[in-house]
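K.L.:
Mind folding the following:
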Amino acid sequence: MSTARQVFELQLDRAHALALRAVALSAVADGEALEPLDRELARLDEQLDRVEAEPDLPMQRLAERLGLSEPEQELVWLAVAMVADPRIVNHGDALIGSAARRGLPLSLYTTMVGADGSRGRALALSMRPSHPLFRYQLIELTEPAASASASPLRPSGRLVAYLAGEDDIDDALGAVGGRLELPDEPAYDARQERALRKLVDGLDSPAPLVTLIEGPEGSGRRSAAAAAAVGLGLEVLSLDVRRLPGDARALEDALAALRRESLLRGAVALVANIDDLTGAESERNPALRTLARTIDSMEGPVVLTSARPGLDLGLERNVLRVDWPVADTATRRALWERALGEEAARIGDDLDRLSLRYRLGPGGIARATTAARIIARPDGGRLEEAHIVAGVRNNIAERLGSLARRVEVSQSWDDLVVSPDILDQINALIARVRHAHIVYEQWGFDTKAARGIGVPALFSGPPGTGKTMVAGIIARELDLELLQVDLSQVVSKWIGETEKQLSKLFDAAEAGHALLLFDEADALFAKRTEVKGATDRYANLEVNYLLQRVESFGGITILTTNLDASIDKALKRRLAAHVSFWPPDADEREELWRRLLTTRAAPLGDDLDVEHLAQAYPDMTGANIRNAVLSAAFLAAAEETSITQDHLVRAARGEYRTMGRVLR
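P.N.:
Model prediction:
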């Protein structure tokens, strides 16, 4: 049995002896009848003095951290005994009635310990709502409206387990976080080393600070906090607000559990992804106020993480902001090697591509590796680059939620019919993405970039001219995942919510090396207007945020629009490429008809005349021709014949009518 458990058992036996003595004293006035109980109490006190001489026992730590006096410590032990030892409740019933079943009233405490009036009054005065035992929810009033002298006191289950020497994390905290472990052999680049030293200084400050780590999600912010704490001999207890249900009570309960657990364990409290609490109507929403109120009531060091810089938390405590960057390519390779272990040598040069493509920290790499091993099981468990890529994408998809959908690209260069000028612009854009690491990292041009190294491109032109198709072909050529943004999920009427969703979208796409496609981008990137009211001001703020985020995004963003003139001019100045798509000319229309009719097994008639179709329907775009070819194929399938010129003409006339054109 551990020493802490011995003390716990002896304190419960002592509480039982005190209760027996109080009952005996109320029944008889003969002092001789109390002598056996007095001897038992003396024996227990002697044992406790001997056992409690050992250092670092739970009650000793609690008394030191909360500044508990000896009477308050005795009060805590008796309150714990009332719920942990069934024998004592019966004696409490005999002394004060059924109130003893709800906890320990101060009247019962004074009766059991034989305290005089002044001692009881002093203890009652100290038990105010601001007392640390109540503030940390270690003890509660079973009748909240009453004072401590009138309401039974009941300890939390976590306090009982703590004093009994149990080391388990509170279940309420374990379900949404828990103990934060430091990854094996972490690796940091020079910029991260500087940020890490700043983190250590913040945690080691004489007056405990609130340290806010600002950086992209998945870049290793929590791992950095764990590394800084381990260097100081501390542990970190985390709460991820993203894992909480949406109701306010769940947030309050989880924060209370974190505050209590960090006190009991002397640990650093970390609240991750606090930017998920922003949005709604303003940054100062009820969730952030709850967070600020709880943090201000804590006395130890607190760490917060946010992907959104510059949040105003409204804290009274001093805040240290630490900018946490994504590790450079060489450091990410070292992290991949350590996560993959012996399999890293076999994967070899593929690790260079993985390190270059995915801007992940140690936590993200570890999760991707775990998912990759599961995905590889049907293939014999032998990890390949494709399994790791699937593991990364699996984790990124969880972070995106419903903000964007993954698009499977089926088209290839063979399906593309554009003018040579447009093709040159597309190839130049691909080269800019493919060789970015050489120009920016190896040649050092990242220091010359005016604002950022992102690659935003605008595709403008009439509907059906191939803008979205080209975006898919670029993604396929660069081996990128194509994520089409769902504007209905991103844009919100609540102030600040759109920016929060966009931040989550860009962070996930950057970590997963994905191409972001904003179809009908004029809905988001419209021209800023003169501010005539609050609505205009906040709409302009959204555009300002988008302009900054598109530039700082380390990947490629493609915006498509049919309304070139409505796009903000500031965005056009920031573009890496602006490709204008125009309806195809006669030669291009003829080539589109020919290529769309060429499939693996489509039966074609001998009378096809694509030159006539290109000349007869001059207003058709590539999308219109595709629709007409598909309609003709279905007409032929219904008639169980080959696709003939008649089918194509009928389908083309139907498409022309749909376009609103007049037919001869």
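K.L.:
could you list every residue that touches A366?
P.N.:
Under the criterion of C-beta atoms under 8 Å, 6 or more residues apart in numbering, the contact list for A366 reads 183, 339. (C-beta placed from N, C-alpha, C; glycine too.)
K.L.:
what's the answer for A269, then?
P.N.:
So, once contact is read as C-beta under 8 Å, 6+ apart, A269 ends up touching 236-237, 239, 258-259, 262, 298, 300-303.
K.L.:
Partner strands of the helix or strand it falls within and their direction?
P.N.:
For A269, the host element (DSSP states H and E) is strand 268-272. Each strand paired with strand 268-272, and its direction, by DSSP bridges: strand 236-240 (parallel), strand 302-306 (parallel).
K.L.:
For N427, which of the ones you listed is the nearest?
P.N.:
Set against N427 and scored by C-beta to C-beta, the strands paired with strand 268-272 come closest in strand 302-306, at 39.1 Å.
K.L.:
Just the CA atoms of the closest one, as CSV, please.
P.N.:
As requested, C-alpha coordinates have been extracted for strand 302-306 and formatted as CSV (Å, rounded to 0.1, in the frame of the first residue of the first chain):
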residue,chain,number,x,y,z
VAL,A,302,-1.5,28.7,-18.9
VAL,A,303,-0.8,28.0,-22.6
LEU,A,304,-3.3,28.7,-25.4
THR,A,305,-3.0,27.8,-29.1
SER,A,306,-4.6,29.6,-32.0
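K.L.:
Contacts for that strand next, please.
P.N.:
Residues external to strand 302-306 that are found in contact with it (C-beta under 8 Å, 6+ apart): 203, 208-215, 221-222, 225, 236, 268-275, 295, 313, 317.
K.L.:
And the helix or strand that that strand is followed by, what does it pack against?
P.N.:
Moving toward the C-terminus from strand 302-306, the next helix or strand (DSSP H and E) is strand 319-323. Helices and strands touching strand 319-323, by 3 or more C-beta pairs under 8 Å, 6 or more residues apart in numbering; DSSP states H and E, are helix 190-203, strand 210-214.
K.L.:
Moving C-terminal from strand 319-323, which element do we reach first?
P.N.:
Scanning forward in sequence from strand 319-323 by DSSP H and E, the next helix or strand is helix 329-340.
K.L.:
Output that next one in PDB with nothing but the alpha carbons.
P.N.:
Provided in PDB are the C-alpha atoms of helix 329-340 (Å, rounded to 0.1, in the frame of the first residue of the first chain):
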ATOM      1  CA  THR A 329      11.800  21.100 -45.300                       C
ATOM      2  CA  ALA A 330      14.900  19.500 -43.800                       C
ATOM      3  CA  THR A 331      13.400  19.400 -40.400                       C
ATOM      4  CA  ARG A 332      10.200  17.900 -41.700                       C
ATOM      5  CA  ARG A 333      12.200  15.100 -43.300                       C
ATOM      6  CA  ALA A 334      13.900  14.400 -40.000                       C
ATOM      7  CA  LEU A 335      10.400  14.200 -38.400                       C
ATOM      8  CA  TRP A 336       9.200  11.800 -41.100                       C
ATOM      9  CA  GLU A 337      12.300   9.600 -40.600                       C
ATOM     10  CA  ARG A 338      11.700   9.300 -36.800                       C
ATOM     11  CA  ALA A 339       8.000   8.600 -37.200                       C
ATOM     12  CA  LEU A 340       8.600   5.900 -39.800                       C
END
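K.L.:
Tell me which other helices or strands that helix touches.
P.N.:
helix 343-347, helix 350-357, helix 362-376.
K.L.:
Report the buried residues of the longest helix belonging to the chain.
P.N.:
Taking residue count as the measure and DSSP state H as the definition, the longest helix of the chain comes out as helix 3-27. By 16 or more other C-beta atoms under 10 Å, the buried positions in helix 3-27 come out as 3-4, 6-8, 10-23, 25.
K.L.:
got it, and stretch 109-125?
P.N.:
Across stretch 109-125, burial judged by 16+ other C-beta under 10 Å covers 109-113, 115, 120, 123-124.
K.L.:
Look at E185 and give its secondary structure.
P.N.:
Secondary structure of E185, reduced to three states by DSSP: H, G, I helix; E, B strand; the rest coil: coil.
K.L.:
pLDDT score assigned to it?
P.N.:
Here the pLDDT value assigned to E185 is 75.
K.L.:
Report the separation between it and G220.
P.N.:
13 Å (C-beta to C-beta, to the nearest Å).
K.L.:
which of the two has more neighbours?
P.N.:
When E185 and G220 are compared for neighbours, G220 comes out ahead with 30 against 11, by other C-beta atoms under 10 Å.
K.L.:
is it true that that one touches A327?
P.N.:
Yes - with contacts defined as C-beta atoms under 8 Å, G220 counts as touching A327 at a distance of 7.0 Å.
K.L.:
Quick check: neighbours shared by those two?
P.N.:
In terms of C-beta under 8 Å, 6+ apart, G220 and A327 are both contacted by the residues 192, 361.
K.L.:
quick one on the thing from earlier: can you flag the buried ones in the contacts of A269?
P.N.:
Buried positions within the contacts of A269, assessed by neighbour count (16+ other C-beta under 10 Å), are 236-237, 239, 258-259, 262, 298, 300-303.
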